[in-house]
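K.L.:
I'd like to go over a predicted model; first the sequence, then the structure.
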Amino acid sequence: MDFTFSQDQIALRGIARDVFDRLAGPDRLTELEAGEVRHDPALWKAFANADLLGVALPESVGGSGRGFLDLAIVLAEVGWSVAPVPAYATMALGADTVARHGDDEQIQRLLAGVVTGDRILTAGLTEPHRSDPASPATRARRDGSGWRLDGVKDLVPAAQIADAMVVPTTTDEGEVGLFVVDARDAGVHVAPVATSGGQPHGDVTFDGASVPGRDRLRVDGDGAAAVRDLHDRALVSVCAQQIGVAERALRMAATYTGEREQFGRPIGSFQAIQQRMADAYIDVEAIRWTTWQAAWLVGEGRSVRREASIAKFWAAEAGMRVVATAQQVHGGIGIDVSYPLFRYFLWAKHNELALGSASAHLARLGSTYAAGVR
């Protein structure tokens, strides 16, 4: 496999980085972090105007019609700039799911606003005290031509700013279904949750939330398999963000150790620091290549249950080693909140635990090998 990016993909990465470099610098992030929600509507609109929100969405709604790998490239740039936008929630969890499982009417109605930056989507994959997202405790019962939902989804990304959310449920027929729920419905209650990196998340309670029949997504065959597929794609998306986080932290550490002097020479020339930086570089490469392999397989329509967990293990375990090294070679300034490195440590910690820790994914890998499952 050749993971060299095409010229179009390199240009896509450059466009995303340029938008964030111009509009999401440290001063702007500090300003936003003093507010209630770490979200920049102006940056989100600029993101849309650069044709980035629709990168993997159909051309029929104004998207670019690219694949999952291109979406992952954009998410890596979100991590590079720790950007205050709900790209992961909207692009990977919400819009990608609607694009794959929606009919023509649903795609047009729900995704056209995503491309223009006027609609924020998300999905609720995790539930309290329940480890298998494909066996949801959230229930959907028929109510005339529509449905009523009851249950709880916890740590839903961008829940408090989302317009709608994809919700896996168990129906009253015992099937697993995917429903698009209007976040403003009277039966939807969002409780904001503080996260390590400041990204907006919320615990969502559905208390008889009303869902029209037209907002149940089409699932061909096994609904549980569709939810597992959504979960795997979400895992790879988290890993893509972690590539950017870890790579930027390492870049900041390399710049600092090349400029900071002790005993008349840069501290980067000291053998102990060189060894730490070399180990961190290897860790970044491990995150990068396991993630790109998984993203490529997703784009090819192949199963990634093992590969997603392998990538998540490296994103979690190695990602934290990289940002810890970056902080330590900076000395005291590495934990100073007036210096931008602290954000990368906090984002890496969030990504480490999102959708399962490293040890959880080692256990998941063990179960797939024991069962002979790919």
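P.N.:
Great, that's in hand.
K.L.:
With only the CA atoms kept, save stretch 245-262 in PDB.
P.N.:
C-alpha atoms of stretch 245-262 as PDB (Å, rounded to 0.1, in the frame of the first residue of the first chain):
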ATOM      1  CA  VAL A 245      -2.200  16.800  18.000                       C
ATOM      2  CA  ALA A 246       0.900  14.600  18.500                       C
ATOM      3  CA  GLU A 247       2.700  15.900  15.400                       C
ATOM      4  CA  ARG A 248       2.200  19.600  16.400                       C
ATOM      5  CA  ALA A 249       3.300  18.900  20.000                       C
ATOM      6  CA  LEU A 250       6.500  17.200  18.600                       C
ATOM      7  CA  ARG A 251       7.100  20.100  16.200                       C
ATOM      8  CA  MET A 252       6.800  22.600  19.100                       C
ATOM      9  CA  ALA A 253       9.200  20.500  21.200                       C
ATOM     10  CA  ALA A 254      11.700  20.300  18.300                       C
ATOM     11  CA  THR A 255      11.600  24.100  17.800                       C
ATOM     12  CA  TYR A 256      12.100  24.800  21.500                       C
ATOM     13  CA  THR A 257      14.900  22.400  22.000                       C
ATOM     14  CA  GLY A 258      16.700  23.800  19.000                       C
ATOM     15  CA  GLU A 259      16.500  27.300  20.300                       C
ATOM     16  CA  ARG A 260      16.800  27.000  24.100                       C
ATOM     17  CA  GLU A 261      20.400  27.000  25.200                       C
ATOM     18  CA  GLN A 262      22.200  25.700  28.300                       C
END
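K.L.:
Break the protein down into its structural domains.
P.N.:
Listed by automatic domain parsing, the domain ranges of the chain are 7-119, 123-215, 223-371.
K.L.:
would CSV of those with mean pLDDT be doable?
P.N.:
Shown next, in CSV, are the domains of the chain (pLDDT from 0 to 100):
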stretch, mean pLDDT
domain 7-119, 97
domain 123-215, 96
domain 223-371, 94
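K.L.:
Mean neighbour count added to the ones you listed, as a markdown table?
P.N.:
From N, CA and C alone the C-beta is placed, and that goes for glycine too. What follows is these, written out as a markdown table (neighbours: other CB atoms under 10 Å):
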| stretch | mean neighbour count |
| --- | --- |
| domain 7-119 | 19 |
| domain 123-215 | 19 |
| domain 223-371 | 20 |
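K.L.:
who's in contact with Tyr344?
P.N.:
By CB atoms under 8 Å, 6 or more residues apart in numbering, Tyr344 lies in contact with 82, 245-246, 248-249, 252, 323, 326.
K.L.:
residues contacting the closest residue to Gly124 other than its chain neighbours?
P.N.:
Once flanking residues are discounted, Gly124 sits nearest to Lys153: 2.9 Å by CB to CB, 6 or more residues apart in numbering. Neighbour list for Lys153: 124-127, 138, 165, 167, 203-204, 206 [criterion: CB under 8 Å, 6+ apart].
K.L.:
would you say Lys153 is within a helix?
P.N.:
No. Lys153 is assigned strand when assessed by DSSP: H, G, I helix; E, B strand; the rest coil, not a helix.
K.L.:
and it, how far is that from Ile282?
P.N.:
37 Å (CB to CB, to the nearest Å).
K.L.:
ditto for Asp336
P.N.:
Distance of Asp336 to Ile282, computed by CB to CB: 27 Å.
K.L.:
cool, and Ala254?
P.N.:
14 Å.
K.L.:
Please enumerate the strands of the stretch 251-374 of the chain.
P.N.:
Along the stretch 251-374 of the chain, the stretches classed as strands by DSSP state E, counting those that start in this stretch are 261-262, 265-266.
K.L.:
Could I get these in a markdown table, plus columns for distance to Asp27?
P.N.:
Shown next, in a markdown table, are those (distance: least, CB to CB, whole Å):
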| stretch | distance to Asp27 |
| --- | --- |
| strand 261-262 | 27 |
| strand 265-266 | 28 |
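K.L.:
In contact with Ala286, which residues?
P.N.:
Contacts of Ala286 (CB under 8 Å, 6+ apart): 314, 318.
K.L.:
where along the protein do the helices fall?
P.N.:
Under the criterion DSSP state H, helices of the chain are mapped to 7-23, 26-33, 41-49, 68-80, 87, 96-101, 104-115, 223-259, 271-299, 305-330, 341-353, 358-371.
K.L.:
would JSON lines of these with distance to Thr195 be doable?
P.N.:
Compiled in JSON lines, the helices of the chain are given as follows (distance: least, CB to CB, whole Å):
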{"stretch": "helix 7-23", "distance to Thr195": "20"}
{"stretch": "helix 26-33", "distance to Thr195": "12"}
{"stretch": "helix 41-49", "distance to Thr195": "18"}
{"stretch": "helix 68-80", "distance to Thr195": "15"}
{"stretch": "helix 87", "distance to Thr195": "16"}
{"stretch": "helix 96-101", "distance to Thr195": "22"}
{"stretch": "helix 104-115", "distance to Thr195": "23"}
{"stretch": "helix 223-259", "distance to Thr195": "13"}
{"stretch": "helix 271-299", "distance to Thr195": "21"}
{"stretch": "helix 305-330", "distance to Thr195": "16"}
{"stretch": "helix 341-353", "distance to Thr195": "6"}
{"stretch": "helix 358-371", "distance to Thr195": "18"}
